[in-house]
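K.L.:
The sequence and its predicted three-dimensional model are supplied below.
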Amino acid sequence: MSQMNNKIKNMKRNLILEEALLMFEEFGYEELKISDLAKNIGISVGTIYSYFKSKEELYSACVLSEMEKAYEAHKILFSQDISNEEKIKSAIKIKFDIISRKRTSLTSGMLNNPFFFESHQIMHKDMIKKIYELYIEPIDELKKVNIDSYQLVYILNSLSNSYMIRWAEDDLESFEGKDKEVFSIFMSILKGCK
């Protein structure tokens, strides 16, 4: 019976997450009301709070869910028989493609939290580590600089995050061509160009 209860709990949690992902994208973090989420799902507000202690925790779980999807996409990419340059270039594009589909939900999160990226990297450090580890081998084979490869992944992430902040602030209309810019800058760093 306990196994059945766990399955039901997981199904409810996943249902809450799926609807929250849609509603965060539709309304943004600030405008989403837990009561509206509960109404859309057909459950009580208390049920949502029995799974997630706060709206912030629910949002964080949604971010983690998207990171898990990104990890799966990266895992497929890095297993392909393509050049290391192509792996890194495509990985940057995957990140921008995923992010561009989440404009409302991520923009509200980024603009309301100046440490958005850092806080989610810390909260979800295990998932971030799994994603970053996929980059290590291609970077090891390409780098000409004496910088730790793991540190280079952080540098790459910071480069792409800077474009995402500009996008959230409406300084960039889209990410079109930005993956190529980030790749070019990162390759210059890997090769030690000044």
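P.N.:
Nice, I can see it. Residues are numbered from 1 along each chain as shown.
K.L.:
Name the residues of the helix or strand harbouring Leu159 that come out as buried.
P.N.:
Secondary structure assigned from DSSP states H and E places Leu159 in helix 149-168. Under the neighbour-count criterion of 16 or more other CB atoms under 10 Å, helix 149-168 has 149, 152-153, 156-157, 159-161, 163-165, 167-168 buried. C-beta: built from backbone N, CA, C; applies to glycine.
K.L.:
Make TSV out of these and add pLDDT and distance to Cys62.
P.N.:
As requested, those are exported to TSV (pLDDT from 0 to 100; distance: CB to CB, whole Å):
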residue	pLDDT	distance to Cys62
Ser149	95	30
Leu152	96	29
Val153	96	24
Leu156	96	24
Asn157	93	20
Leu159	94	25
Ser160	94	20
Asn161	90	18
Tyr163	91	22
Met164	87	17
Ile165	85	19
Trp167	86	19
Ala168	81	17
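K.L.:
what's near enough to touch Glu141?
P.N.:
Asn84 (CB atoms under 8 Å, 6 or more residues apart in numbering).
K.L.:
ok, and for the helix or strand containing it, which residues are buried?
P.N.:
Using DSSP H and E, Glu141 maps to helix 125-142. For helix 125-142, the neighbour count (16+ other CB under 10 Å) marks Met127, Ile128, Ile131, Tyr132, Leu134, Tyr135, Pro138, Ile139, Leu142 as buried.
K.L.:
The fifth one reaches Phe78, doesn't it?
P.N.:
The one in question is Leu134. Yes: with contact defined as CB atoms under 8 Å, Leu134 reaches Phe78; the gap is 4.5 Å.
K.L.:
Overlap in contacts, those two.
P.N.:
Contacts common to Leu134 and Phe78, judged by CB under 8 Å, 6+ apart, are Ala91.
K.L.:
Tell me where the protein has helices.
P.N.:
2-31, 34-41, 45-51, 55-78, 84-100, 103-112, 116-123, 125-142, 149-168, 178-191 (DSSP state H).
K.L.:
Where among those is average confidence lowest?
P.N.:
Confidence, taken as mean pLDDT, is least for helix 103-112 of the helices of the chain (a mean of 76).
K.L.:
Please name the residues that touch the spatially most central residue of the chain.
P.N.:
The structure's the chain has its C-alpha centroid closest to Met67; by CA atoms, centre = their mean the separation is 4.3 Å. Residues counted as contacts of Met67 (CB under 8 Å, 6+ apart) are His124, Met127, Ile128, Ile131.
K.L.:
As JSON lines, those residues with distance to Tyr59 would be great.
P.N.:
Below are the contacts of Met67 laid out as JSON lines (distance: CB to CB, whole Å):
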{"residue": "His124", "distance to Tyr59": "12"}
{"residue": "Met127", "distance to Tyr59": "15"}
{"residue": "Ile128", "distance to Tyr59": "17"}
{"residue": "Ile131", "distance to Tyr59": "19"}
